[in-house]
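1. sequence and predicted model, in that order:
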Amino acid sequence: MKKHLSKRRVVVSALIAVLLAIASGVAYAYWTGGGTGTGPAAAGTTTGLTVHQTSNIVGLYPGGPAVTLFGNFDNSNDSAIHISSVTATVTGVTGGNTNVDQDHPECTVADFTIGGSAAGSTVPKGTGIGGWTGLNVQLNNGALNQDNCKGASATITYTANP
């Protein structure tokens, strides 16, 4: 009977070995080949920064000293944005005595000068961040009466340049 069990073990062992060999052959048998394909990878875009003036400019008078302008930015982009400079222009004048003193010239953007330069910087993502300075505003000393500029407010438009 021992001989019979041994023979049975040999047959079972051999059967297991054959099955493992077949399974191994299936696991490692494959064809080789090549191919090509494509897929998209698009770069994002940026939105413009918002430039804020945080300096409070009051008390300008004809021929008075230039007053420093400074401010910060809002950057709603997903990453920091580099700018080369900030520039400014007086784009309007409101208030003043324009309608009161008809005998004198109107107060206009030509009565104001923007000077200096604001260097570039890298503006991190966020609101009210970063900073710029270096620009200034002055009320020019004109050749004519400037009474109509009393109490006037200049509107300054800022540009963050790429």
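-> The structure has been received and is ready for your questions. Numbers count the residues shown, from 1 in each chain.
2. check contacts around the most centrally placed residue in the chain.
-> Centroid-nearest residue in the chain: residue 81, 4.0 Å away (criterion: CA atoms, centre = their mean). With contact taken as CB atoms under 8 Å, 6 or more residues apart in numbering, residue 81 is in contact with 46, 49, 75, 122-123. Quick note: C-beta positions are derived from backbone N, CA and C, even for glycine.
3. the helices in this protein, which residues?
-> Under the criterion DSSP state H, the chain contains helices at 2-28.
4. quick one: the strands in it?
-> For the chain, strands defined by DSSP state E occupy the ranges 50-53, 67-75, 81-95, 112-116, 118-123, 126-139, 152-161.
5. for the last one, which helices and strands make contact with it?
-> Other elements packing on strand 152-161 under the criterion 3 or more CB pairs under 8 Å, 6 or more residues apart in numbering; DSSP states H and E are strand 50-53, strand 67-75, strand 81-95.
6. which parts of the longest one are buried?
-> If you call a residue buried by 16 or more other CB atoms under 10 Å, then strand 81-95 has these buried ones: 81, 83, 85-86, 88, 90, 93.
7. repeat that for stretch 34-54.
-> Of the residues in stretch 34-54, 49, 51-53 count as buried by neighbour count, 16+ other CB under 10 Å.
8. so, low pLDDT: which residues of the protein?
-> Residues of the chain meeting the criterion pLDDT under 70: 1-5, 18-29, 98-101.
9. sorry, back to before: just give me the closest of the buried residues of strand 81-95 to residue 12.
-> Closest approach to residue 12 among the buried residues of strand 81-95 (CB to CB): residue 81, at 73.6 Å.
10. tell me what the closest one is bridged to.
-> With DSSP bridges as the criterion, residue 81 is bridged to residue 123.
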